[in-house]
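**Student:** Let me see the structure of the following:
(chains A and B)
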Amino acid sequence: MADSHQEWLKQMEEESKAKQASFMAGIAQRLRHPVMTKAPEHPFRGAPDFWNKFEWDREEKIERFSANWKSVGGHVARLADMDAARDFIAEKAREMGAKYIVRQNEAELEALGLEAALPDARISVWNTDPDVYWKARSAEADFGVVIADHSVAYTGSVVVKSSKDKGRSVSLLPTVMMIIIPVDQMKTRLGEVLVAFDEGGRENLPAGIHFITGPSRSSDIENDLTIGVHGPGVVYALLVG
Amino acid sequence: MSAKGALGTVKERAELALNDEFLRKAVKFTTERLRNGKKNAAGEHGNWDEWRERGRAIRLHTIAHLDYYLNLFVNNARANGVHVHFADTGADAVRIALSIAERKSAKTVVKSKSMVSEELHLNAALEKIGVEAIETDLGEYIIQLAGETPSHIVIPAIHKNRYQIADLLSEVAGEKLEADTTVLAGFVRKKLRERFLEADIGMTGCNFAIAETGSMVLFENEGNARMVTTLPKTQITLMGMERIIPSFQDLEVMATLLPRSATGQKLTMYMSAISGPRRSEDADGPDEMHIIIVDNGRSLQLGDPEFQELLNCIRCGACLNACPVYRHIGGHAYGGTYSGPIGAVLTPALNKNIAEWDDIANASSLCGACYEACPVKIPLHDMLVYLRRRKVEKGHGNKLEGAGMKGFSTLLGNAKRFRTVVKLGQIGQKLVVRDGGIRTKLGPLKGWNSYRVTPSLPKKSFRENWETLDQQIRADLKEMSPEMKQRMEDAVKRRGQGGGHHHG
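**Tutor:** Modelled structure (predicted):
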């Protein structure tokens, strides 16, 4: 089956490639120009110029991020260092009775020493055991602990990128998301994060880049706001530094 | 079920919608909330018109060079490991999606919101080959249980109250669920969790596709699109061929315009950029990823000076919320996948059958609120006039309004731009305007006026006149004539006898 499926994919690929040229030619014909092979001038790339000059100072970024995160129903804690972050997570875990915790496999999180701080909880480290079904492990977790790859003050967003050591599930499936945000790296505008993806180029992109701006929510039933409809309903932004 | 209901005209469908007291209130409440949210968000952000202009410039540029950017996207997506397919028609897209499902021996498909999928009636096609298709957006899940279609692009179950929803979900649960939002949403969360984890295929739409990196971008609030792109082994993305933007930098402009225009949010709770299937060492994300690029009538707009800008649409729904007609008749009255002003133009444009569909264009007040609301400045009100003109030119004119429309057509032929006509209209209508509404049952507005007062063409901008216009329409709804009431009651009776017919 695997072989025949690969063959089928290959056949579909060939059909698609054959189709591609005529599809593009059809578009070019309707647009009344020859099929384009060179990039056109793109004079209006990205945000307007005035916007690209806009920047907040460190304290304002932290304040605005916090206000935005809270305004959509998230929680914020301003913490001096990673030790304080560990104590905060451990205290919340005790307070809320969290028994199952899943965290990303990152050195900073390893150094937190959550395992020692919470001897009664089962703490799993993403993708460290090939025999574990990691999606289900995350789905049953009370807490997911992650570190933000980027953060943006203007929209109150954190950015997480997928990798072998960083599951998309960890920020998505547990009931509570605890996200550590190194404040020194916080940006003012969304564009400051996005432009880096252009500059880094396709080859350097992870499979999943996720901007998270608060708890999962829906207003689909009578416009009544519900929190935690599919993703985490409780989200803590731990601003460290 | 076909996109067109058995009830032929928008007028008949609107009468049904108008008879549903809850629908009318819900639509009004929701659209007002969204409209105010958008106004506040745009105001707070500042320089809104400059952002709109930039959004328009990026969309115009991309569509004008679509062959280049789409081709670039396809090559980059392939390099990311995506299997890309092309579908000229809806039927082609369905065929491709079904063959993937069959190859994968799929039993269930979990879906996040996709208007293209609605356009293709893909769920019905999947059911036919024995694959269960599960909508996972809360609102979409609810209307799927009810066997209906979305009535609003952003809030699809806008027409259901929580008691109706509790009844639907209680059936699934096998026990009586309280009509409490938290209880109902909690039930859906638990129920769908199981479905996400066991599903063979995750299916999504696509808000934007980034040409330079081959990434597809999804905006959402619930997290179901993330579930669908994280848990199942196979991902299928349906993408309109015009969803392209050149770069991640351009995404900042779209991310500024789309959520603010749709719901008044600074950003949706989740914005995800997916660049191919999971990397081999990753422990989640799909093993195999397909993107089906769908034309289905879109390319007909390319090179058409009057309608090409339709392809700039970013599907925010702001024109629906701004439209006084939508706000009173709701989405199902439009009878197609897309409702509101954008639907009134897009549906006939995609279907290339102006004769059958343009009654929707006639159920528009041409007040320009849709254009003012549009974050990429699509001149929808102009397009509505072009549609009417084309219908008349093709000899499909409504006999009742034939004489008047000829006048319209001539004016447009000479002056080209509707704005001139508006000016002429402002002078001409003085003869027939009373209390700000045109009540005469003569001339070009006759058929329309038998159930709705046409707002007079504005002397000032739409916004300045909004309150008056709105009140005028409201007042008219109360003044329903006895014969109209009778017609509506009859229509409801017919619906009762129709046996499982759903409009839309």
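
**Student:** What strands flank the helix or strand bottoming out on mean pLDDT in chain A, and is each parallel or antiparallel?
**Tutor:** When each helix and strand of chain A is scored by mean pLDDT, DSSP states H and E, strand A:226-227 comes last, with a mean of 89. Partners of strand A:226-227 in the sheet, by DSSP bridges, are strand A:217-218 (antiparallel).

**Student:** So what touches the strand it pairs with?
**Tutor:** Under the criterion C-beta atoms under 8 Å, 6 or more residues apart in numbering or on different chains, residues A:72-73, A:225-229, B:138-139, B:185, B:221-222, B:269 lie in contact with strand A:217-218. For every residue, glycine as well, the C-beta is placed using N, CA and C.

**Student:** Which one of those residues is nearest to A:L194?
**Tutor:** B:M269 (17.8 Å; C-beta to C-beta).

**Student:** Pull the contacting residues for the residue in the stretch 351-500 of chain B that chain A sits nearest to.
**Tutor:** In the stretch 351-500 of chain B, the residue that lies nearest chain A is B:V376 (12.3 Å; C-beta to the nearest C-beta). Going by C-beta under 8 Å, 6+ apart, B:V376 touches B:R52, B:G55, B:R56, B:R59, B:L257, B:N312, B:C313, B:I314.

**Student:** what secondary structure does it sit in?
**Tutor:** coil (DSSP: H, G, I helix; E, B strand; the rest coil).

**Student:** Also A:D129?
**Tutor:** From three-state DSSP, the assignment for A:D129 is coil.

**Student:** Just the buried residues of the contacts of B:V376.
**Tutor:** Among the contacts of B:V376, the ones that count as buried by 16 or more other C-beta atoms under 10 Å in any protein chain shown are B:R52, B:G55, B:R56, B:R59, B:L257, B:N312, B:C313, B:I314.

**Student:** Could you pull up the contacting residues of the last one?
**Tutor:** Each residue near B:I314 by C-beta under 8 Å, 6+ apart is listed here: B:G55, B:R59, B:N207, B:F208, B:M254, B:L257, B:L258, B:S261, B:P375, B:V376.

**Student:** Got the phi and psi for the last one?
**Tutor:** This points to B:V376. Backbone torsions of B:V376, given as degrees, to the nearest 10, read phi -120, psi 20.

**Student:** State the distance from it to B:R59.
**Tutor:** Using C-beta to C-beta, to the nearest Å, B:V376 is found at 5 Å from B:R59.

**Student:** Quickly list what's touching both of those two.
**Tutor:** Joint contacts of B:V376 and B:R59 (C-beta under 8 Å, 6+ apart) are B:N312, B:I314.

**Student:** shouldn't B:Q265 be in contact with B:P259?
**Tutor:** Yes - assessed by C-beta atoms under 8 Å, B:Q265 is found in contact with B:P259 at 4.3 Å.

**Student:** so what sits against both of those two?
**Tutor:** What both B:Q265 and B:P259 touch, as defined by C-beta under 8 Å, 6+ apart, is the set B:A41.

**Student:** between the two, who's got more neighbours?
**Tutor:** B:P259 (24 against 21; other C-beta atoms under 10 Å in any protein chain shown).

**Student:** Now do the contacts for that one.
**Tutor:** B:A41, B:F219, B:Q265, B:K266, B:L267, B:T268 are the contacts of B:P259 under C-beta under 8 Å, 6+ apart.

**Student:** I'd assumed the fourth one was in a helix, is it?
**Tutor:** No - B:K266 is assigned coil when assessed by three-state DSSP, not a helix.

**Student:** Can you report how many residues neighbour it?
**Tutor:** Other residues close to B:K266 by other C-beta under 10 Å number 22.

**Student:** What segments of chain A are strands?
**Tutor:** A:75-79, A:100-103, A:122-125, A:143-147, A:150-152, A:157-161, A:176-182, A:208-212, A:217-218, A:226-227, A:234-240 (DSSP state E).

**Student:** who wins for proximity to B:G214 among the ones you listed?
**Tutor:** Nearest of the strands of chain A (C-beta to C-beta): strand A:208-212, 13.0 Å.

**Student:** ok, back up a step: can you tell me which of the buried ones among the contacts of B:V376 are in strands?
**Tutor:** Among the buried ones among the contacts of B:V376, DSSP E puts none in strands.

**Student:** Widest-spaced pair of the residues you listed?
**Tutor:** So, the buried ones among the contacts of B:V376 by C-beta to C-beta: farthest apart are B:R52 and B:C313, at 13.3 Å.

**Student:** For the chain, give me the ranges with low pLDDT.
**Tutor:** Here I'm looking at chain A. For chain A, applying pLDDT under 70 flags the ranges A:1-3.

**Student:** my question was about chain B
**Tutor:** Using pLDDT under 70, chain B drops low at B:1-8, B:10, B:14-20, B:23, B:353-361, B:363, B:395-504.

**Student:** so what's the closest residue to chain A within it closest to, chain neighbours aside?
**Tutor:** Proximity of chain B to chain A (C-beta to the nearest C-beta) peaks at B:G223, 2.8 Å away. Closest residue to B:G223 apart from its sequence neighbours, by C-beta to C-beta, 6 or more residues apart in numbering or on different chains: A:G231 at 2.8 Å.

**Student:** isn't that neighbour right up against A:T175?
**Tutor:** No - using C-beta under 8 Å, A:G231 makes no contact with A:T175, being 9.8 Å away.

**Student:** out of these two, which sits in the more crowded spot?
**Tutor:** Neighbour totals were compared for A:G231 and A:T175, and A:G231 leads with 28 against 18 (other C-beta under 10 Å).

**Student:** Can you tell me how far that one is from B:P232?
**Tutor:** Counting by C-beta to C-beta, the gap from A:G231 to B:P232 is 16 Å.

**Student:** which residue does chain A bring closest to chain B?
**Tutor:** Closest point on chain A to chain B, by C-beta to the nearest C-beta, is A:G231, at 2.8 Å.

**Student:** which bits of the stretch 251-400 of chain B sit near chain A?
**Tutor:** B:251-253, B:255-256, B:265-279, B:281-285, B:288, B:293, B:295, B:299, B:302-303 (C-beta under 8 Å from any C-beta of the partner chain).

**Student:** and the helix ranked longest in chain A, what does it pack onto?
**Tutor:** Longest helix in chain A by number of residues, with DSSP state H as the criterion: helix A:2-30. Counting contacts by 3 or more C-beta pairs under 8 Å, 6 or more residues apart in numbering or on different chains; DSSP states H and E, helix A:2-30 is packed against helix B:66-79, strand B:83-87.

**Student:** Which one, of those, ends up nearest to A:S22?
**Tutor:** Taking those one by one with C-beta to C-beta, strand B:83-87 is closest: 8.7 Å.

**Student:** The closest one - contacts with which helices or strands?
**Tutor:** Counting by 3+ C-beta pairs under 8 Å, 6+ apart, strand B:83-87 packs on helix A:2-30, helix B:66-79, helix B:90-103, strand B:288-294.

**Student:** So for the third one, what gets flagged as buried?
**Tutor:** By neighbour count with 16+ other C-beta under 10 Å, helix B:90-103 contains the buried residues B:G90, B:D92, B:A93, B:V94, B:I96, B:A97, B:L98, B:I100, B:A101, B:R103.

**Student:** which residues of the stretch 151-300 of chain B fall in helices?
**Tutor:** B:162-173, B:181-198, B:224-230, B:248-263 (DSSP state H, counting those that start in this stretch).

**Student:** I'd say B:L218 and B:C206 touch.
**Tutor:** Yes - between B:L218 and B:C206 there is a contact at 7.0 Å, judged by C-beta under 8 Å.

**Student:** Could you say which helix or strand holds the spatially most central residue of chain B?
**Tutor:** Centroid-nearest residue in chain B: B:Y338, 3.6 Å away (criterion: C-alpha atoms, centre = their mean). For B:Y338, there is no helix or strand it lies in under DSSP states H and E.
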